[in-house]
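# Task: produce atomic coordinates for the following.
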Amino acid sequence: MKVLRMRDLPDRVGIGRSTIFGLIKEGSFPRAFSIGHSRAKGWHEHEVEAWIARHRALEVAITNTWGKVGQEVGQR
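Now for the predicted structure:
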């Protein structure tokens, strides 16, 4: 099981650190866990990958919906 650190997340997820912290604060990003007895935190790679997959699917659904709405409006 691979552990991702905060320094890995922006490139992996495609959003900035402050956005990630905001998502963590609102509870919509996978929960971090403590690494050892330090302040270090980590995320399970499979949880982050699942989060990415859900959000990509949502983006596609939104794009498809708005694309259809945009086409209908453009035809009027």
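
# Return the set of buried residues in the helix or strand where Gly42 lies.
Following DSSP states H and E, the helix or strand that holds Gly42 is strand 41-44. By neighbour count on 16 or more other C-beta atoms under 10 Å, the buried set for strand 41-44 is 42-44. Bear in mind the C-beta positions are built from the backbone N, C-alpha and C, glycine included.

# List the buried residues for the very next helix or strand once past it?
Using DSSP H and E, the helix or strand that directly follows strand 41-44 along the chain is helix 45-75. Neighbour-count burial for helix 45-75, counted by 16+ other C-beta under 10 Å, picks out 48, 51, 55.

# can you put those in a markdown table and add pLDDT?
Shown next, in a markdown table, are these (pLDDT from 0 to 100):
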| residue | pLDDT |
| --- | --- |
| Val48 | 97 |
| Trp51 | 94 |
| His55 | 87 |
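
# For the residues you listed, could you give me a markdown table that also reports distance to Phe21?
Converted to a markdown table, those look like this (distance: C-beta to C-beta, whole Å):
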| residue | distance to Phe21 |
| --- | --- |
| Val48 | 15 |
| Trp51 | 15 |
| His55 | 17 |
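
# just those now: which is nearest Leu9?
Distance to Leu9 across the buried residues of helix 45-75 (C-beta to C-beta) is lowest for Val48, with 7.0 Å.

# wait, what's in contact with that closest one?
The contact partners of Val48, taken as C-beta atoms under 8 Å, 6 or more residues apart in numbering, are 4, 9, 12-13, 30.

# Could you rerun that using 7 Å?
Residues in contact with Val48 (C-beta atoms under 7 Å, 6 or more residues apart in numbering) are 4, 12-13, 30.

# Look up how far Leu58 lies from the residue nearest the centre of the chain.
Most central in the chain under C-alpha atoms, centre = their mean is Ile52, positioned 4.8 Å from the mean C-alpha point. Distance of Ile52 to Leu58, given as C-beta to C-beta, to the nearest Å: 11 Å.
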